[in-house]
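Peer 1: Any chance you could fold what I've pasted below:
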Amino acid sequence: MALSLRFAALATAVALAVGVALPLSAKDKPAAAPPAEVKAVEGKPIDLVICLDVSGSMDGLIASAKIQLWNVVNELARIKPTPNLRVAIYSYGASKFDVKKGWVNKEVDLTEDLDEVYKVLNGLKTGGGDELVARVTKTAIDEQKWSTDKDALKVIFVCGNEPVNQDKQVNLEDVAGAAKKAGIVVNTIYCKWGHDTEIAGWAEFSKQCGGKHVNIDQNRATQQVVVKTEFDDQIIKLGEELNKTYVVYGADGKKKADNQQLQDKNAAEAKPAAPGAAPTAALERSLTKAGGLYRNATWDLVDKMKEKDFDIKKVKEEDLCDELKKIKPEDRLAYLQKKADERAALQKKIAELSAARQKKVDEERAKTPKNETEKALDEAFKGVIREQAKAKGFEVAPEKK
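Peer 2: Alright, predicted model coming up:
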């Protein structure tokens, strides 16, 4: 069977007591204290590996993943300070995969390139095979270059169904021991399909790994009522306008920019959670692009210039895009700053519209009781990550209702 899925500024308030005194001469006045240095707060790493069972008729869950990836990313963006997020994808259980690898396929290594992750999700197809949970988990633990930061949150989600212990070569207990030794939390998401006797095994495996277990309805795209508002189209349009603020460089710059537009298209074409509902994927993607976790410094000079010691003069002429080559070298930094200002203005508009939209959504959702009988993919991911990030010392914003 299968599965088809900054922020905070540190604010310091200083209260000054003002008294009445006789005027002092310039000679008698005390020297002014130097201004306190304000240091940027660096976000801690979050490495997230999603293992999707693609062995059978799990198209509904794959569709949910396509819809809800940006929703999950936006939940992570609410962590303070904004973390350094990397995502990897494995698929497992398809007969087309290498039997010697336990029918496990690495789709994409841990990366900040969320467009590439979404491209992978949109390319997943189901096909019959054996679902070896132990094998895909071990492969993810062994293959990935996990963060070595002691404060990093390192998480694996294994999503699927059928018996968890089908692997006759790799032992679940051994995998759990390896995960704990590496400081990696393994969570399981079981996609219910009428064989509830299988659930206990999945829950026990996650417990052995120090993780959480959640049952979901694989055909429910979202847990909550998805409200359509008059702000939706504006937010999506502004998200597309952001693309014009990107200044590509390097061998892959043009290809990455093209992929950005392609993933806008994929998000726009993702089916809403219900007839007449808001276009969730396109909306959430626009919000992601306006936030702190959408980072493209490997191909965009506007993001690149945020890095310490950035110097446009050190970028090779052959790596510049045509638009920059036409500009005098001494004027190029000003051009990038103009693009950065344009991007910031668009992001601000998106944030304002998002706040107005959220107010209306909250009002509409309050009229409809939330269904708690079965979680959907978005709540399964967000609820578990929220809890585990908090336990790891991340500052987690209150849950949205």
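Peer 1: can we go C-alpha only for contacts and neighbour counts from here?
Peer 2: Will do.
Peer 1: Compute the first-to-last residue distance for stretch 114-130.
Peer 2: End-to-end distance of stretch 114-130 (Cα to Cα, to the nearest Å): 29 Å.
Peer 1: I misspoke; the intended subject was stretch 104-118.
Peer 2: 19 Å.
Peer 1: buried ones in that stretch?
Peer 2: For stretch 104-118, burial by neighbour count (16 or more other Cα atoms under 10 Å) applies to 104-118.
Peer 1: now stretch 120-130
Peer 2: By 16+ other Cα under 10 Å, the buried positions in stretch 120-130 come out as 120-122, 124-127, 129-130.
Peer 1: Quick check: the gap between Leu132 and Ala176.
Peer 2: Leu132 sits 14 Å away from Ala176, going by Cα to Cα.
Peer 1: tally of neighbours for the residue nearest to Lys325 when sequence neighbours are not counted?
Peer 2: Once its chain neighbours are removed from consideration, Lys325 has its nearest residue in Glu317; the separation is 7.3 Å (Cα to Cα, 6 or more residues apart in numbering). A count of neighbours around Glu317, defined by other Cα atoms under 10 Å, yields 15.
Peer 1: go on, Lys326?
Peer 2: Number of residues near Lys326 (other Cα under 10 Å) recorded here: 10.
Peer 1: And the pLDDT for it?
Peer 2: Looking at Lys326, its pLDDT reads 96.
Peer 1: Distance of it relative to Arg332?
Peer 2: In this structure, Lys326 lies at 9 Å from Arg332, with Cα to Cα as the measure.
Peer 1: Kindly report the same for Glu379.
Peer 2: Per Cα to Cα, Glu379 is found 45 Å from Arg332.
Peer 1: again, but for Lys101
Peer 2: Between Lys101 and Arg332 the computed distance is 49 Å (Cα to Cα).
Peer 1: likewise Glu116?
Peer 2: When Cα to Cα is applied, the distance between Glu116 and Arg332 equals 28 Å.
Peer 1: what does Glu162 give?
Peer 2: As judged by Cα to Cα, Glu162 and Arg332 stand 57 Å apart.
Peer 1: Between these two, which is the more surrounded one?
Peer 2: Neighbours around Glu162 and Arg332, counted as other Cα under 10 Å, are more numerous at Glu162. The numbers are 23 against 17.
Peer 1: shouldn't the more buried one be in contact with Ala200?
Peer 2: No: under the contact definition of Cα atoms under 8 Å, Glu162 does not touch Ala200, with a separation of 11.2 Å.
Peer 1: Figure out how far whatever helix or strand Val158 lives in is from the centre of its chain.
Peer 2: With elements delineated by DSSP states H and E, Val158 resides in strand 153-160, which encompasses its position. Using Cα atoms, centre = their mean, to the nearest Å, we find the averaged C-alpha position of strand 153-160 to lie 13 Å away from the chain's own average C-alpha position.
Peer 1: Tell me the helix or strand right after it.
Peer 2: helix 172-182.
Peer 1: Would you mind pulling the contact partners of the following helix or strand past that next one?
Peer 2: Elements were assigned by DSSP H and E; along the chain past helix 172-182, the next helix or strand is strand 185-191. When contacts are defined by Cα atoms under 8 Å, 6 or more residues apart in numbering, strand 185-191 is touched by residues 2-3, 154-161, 179, 199, 202-203, 205-206, 209-218, 380.
Peer 1: returning to what we had before: could you report the pLDDT at the residue nearest to Lys325?
Peer 2: According to the model, Glu317 carries a pLDDT of 96.
Peer 1: which residue is nearest the centroid of this protein?
Peer 2: Val73 (2.9 Å; Cα atoms, centre = their mean).
Peer 1: Surely that one is within a helix?
Peer 2: Yes: assigned with DSSP: H, G, I helix; E, B strand; the rest coil, Val73 falls within a helix.
Peer 1: pLDDT at the residue nearest to Lys348 when sequence neighbours are not counted, what is it?
Peer 2: The spatially closest residue to Lys348, leaving aside those adjacent along the chain, is Ala290, at 8.0 Å (Cα to Cα, 6+ apart). Reported pLDDT at Ala290 in the predicted model: 97.
Peer 1: Ok, the one 10 residues further on next?
Peer 2: Predicted confidence (pLDDT) at Asp300: the value is 98.
Peer 1: shift numbering so it begins at 51
Peer 2: Sure, I'll start numbering at 51, so the last one becomes Asp350.
Peer 1: how many neighbours does the closest residue to it other than its chain neighbours have?
Peer 2: Of all residues not flanking Asp350 in the chain, Val298 sits nearest, at 4.7 Å (Cα to Cα, 6+ apart). Other residues lying near Val298 total 25 when counted by other Cα under 10 Å.
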